[in-house]
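> What follows is a predicted structure for the sequence shown.
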Amino acid sequence: MLTTIHTSAVNGMAAMPVFLEVNANEIHSQEDRTIFFMVGLPDNAVRESKLRVESALQNSGFQLPLREKYTINFAPADVRKEGSGYDLPLAIGMLASLGRLPSDKLGRYVFVGELGLDGSVRPVKGALSIAIKAREQGFEALFVPKENEREAAVVNKLKVYGVESLLQVVAFLQGKLSLQPTIVNTREEFYAAQATMGDDFADVKGQDAVKRAFEVAAAGGHNIILIGAPGCGKSMMAKRVPSILPQLTLSESLETTQIHSIAGKLGVTTSLIARRPFRAPHHTISDVALIGGGATYKPGEISLAHNGVLFLDELPEFSRTALETLRQPLEDRQITISRAKYTSTLPCSFMLVASMNPCPCGYYNDPHHACTCSPAQVQRYMSKISGPLLDRIDIQIEVAPVSVSELAHAPKGESSADIRQRVVAARAIQTERYKDEPGVHCNAQMSRSMLERHARLDDEASATLSRAMKRLDLSARAYDRILKVARTIADLAASPDIRSEHIKEAIGYRNLDRAGWGE
């Protein structure tokens, strides 16, 4: 008997429908054995599913007939099938092909889940993308593991049943058990989670210039690098950047949650990610772990930081190849991984926050400690970061250490909530400005042609910038970065025009481009 079961495979951000065709035939043989034939480009995990499914069925009380041949086709047959999420649909298909389940209901449902040998249903990756595709195709319900029910239930107009065992699914299909679909109050939970504030800039004493630089970076979505001695507060301030960024919108949250779902990073109690991601990989990270890929595709740190912050502490300690892989994603805000077995594209629109020491000993330009490095050592240390990568970082600022007396007597800093108000006001100006520009939401995303329209300078501002370009020997890309930052500074001041003082502040954020730095 031939049975077709609907399931799904995840490719990049999107899910692809997969039809699992199971045909059972009795074989005439003297041996008591069951034969499985799997076709449709299954990988090792899928081929091994026959052993898991057979044991799960037996331990759930279903005796398979001996001398039976199962031909299982994973269609479309030209797409490679990976992972263990086909276990549950395969078990349902085998039972239906033996006439133990009513086949008239099966076409209304999508099944996904890994099976344990005892028949329990275990979590899979990408349940949210699978739920979105199931709704698009008009299916009535989706059966997922209990651990994945909340992320899948975010999708409306689709019943989501979180199941714990194969027996539950079979009893429901046979009409012996009533299951209640999982209901998640998406908006209420989303906005309640946003109300909680993480680390606050109010805890940072002093460092007003650096906090201003972070405000400008957050307001325009600019990348920023901090250069300073150990212990001056670089990491402390970087961890507070998400608290001054605008709140995630529902559409941004859904996109971010999809990526974390594909990577298997969502918790059991999570429905939607409500706060902007903050990813801080160690400097020993590999190229693949940073940008994504691998034998079986996994999103990298740059995609997990989508709509949030990617913090790279001790930037020169990262491998040169890993840093250079960031150049294209920083420009295009998406990453395409092409391998022999797959090609996948994921978004990676993140704000890069990097920090580094100014030299190997860490005390170059420190007023309280003597630097033991020679100029050649300082230059060699700085040369670990390529010029093209530095040009893609809009704001480069030195962080001076705060003295003990200043820490003791400094008043409490301005709160993140107050800074965020100004950031949100500046972002609102940018949203209105770019309403007719698809894919552009902030000043950092402006193209060259947009700069000519939205970042025009008067004679005084233009002369100021020309003098700085010649004196500091800045590149053409640095010229564009200064214009973008100046546009953001003007937005924070609610100024429709970029004035000379805005240009001067923006130039002050190109510390590493100053003539003679490090000599």
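That came in fine, so what should we check first?

> Please make it C-alpha for all contacts and neighbour counts, starting now.
Fine.

> Just to check, residue 134 is in contact with residue 142?
Yes: applying CA atoms under 8 Å as the test, residue 134 and residue 142 come out as touching, 7.2 Å apart.

> what do those two both touch?
When contacts are counted by CA atoms under 8 Å, 6 or more residues apart in numbering, residue 134 and residue 142 are jointly contacted by 110, 158.

> Domain boundaries for this structure, per the record?
2-173, 193-513 (automatic domain parsing).

> out of these, nearest to residue 186?
Among those, the nearest to residue 186 by CA to CA is domain 2-173 (6.2 Å).

> before we move on, back to that, same list (the domains of the chain) but as JSON lines, adding mean neighbour count.
Shown next, in JSON lines, are those (neighbours: other CA atoms under 10 Å):
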{"stretch": "domain 2-173", "mean neighbour count": "20"}
{"stretch": "domain 193-513", "mean neighbour count": "19"}
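
> top strand in the chain by residue count?
strand 14-26 (DSSP state E).

> Please identify the pairing partners of the helix or strand following it and their relative orientation?
Downstream of strand 14-26, the first helix or strand assigned by DSSP states H and E is strand 34-39. Next to strand 34-39 in the sheet, as set by DSSP bridges, lie strand 68-75 (parallel).

> Poorly predicted segments of the stretch 401-519 of the chain, please.
Counting by pLDDT under 70, the ranges of the stretch 401-519 of the chain that qualify are 475, 477, 513-519.

> what's the spacing between stretch 415-434 and its chain's center?
23 Å (CA atoms, centre = their mean, to the nearest Å).

> ugh, wrong one, I meant stretch 268-284
So, by CA atoms, centre = their mean, the centroid of stretch 268-284 is 8 Å from its chain's centroid.

> From residue 462, how far out is the residue positioned nearest the centre of the chain?
Per CA atoms, centre = their mean, the C-alpha nearest to the average position across the chain is that of residue 304, at 2.2 Å. As for residue 304, its distance to residue 462 is 39 Å (criterion: CA to CA, to the nearest Å).

> now do residue 118
Taken as CA to CA, the span from residue 118 to residue 462 is 73 Å.

> cool, residue 382 as well?
30 Å.

> again with residue 428
Look at residue 428 and residue 462: by CA to CA, they are 26 Å apart.

> now swap in residue 168 and tell me
71 Å.

> Can you pull the poorly scored residue ranges out of the chain?
Ranges of the chain meeting pLDDT under 70: 28-32, 197, 475, 477, 513-519.

> Could you dump the domains of the chain into TSV and include distance to residue 184?
Formatted as TSV, the domains of the chain follow (distance: least, CA to CA, whole Å):
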stretch	distance to residue 184
domain 2-173	6
domain 193-513	8
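
> Next, the contact list for residue 401, please.
Contacts of residue 401 (CA under 8 Å, 6+ apart): 228, 229, 231, 232, 233, 366.

> Which residue, other than its chain neighbours, is closest to the first one?
Read it as residue 228. Of all residues not flanking residue 228 in the chain, residue 399 sits nearest, at 4.7 Å (CA to CA, 6 or more residues apart in numbering).
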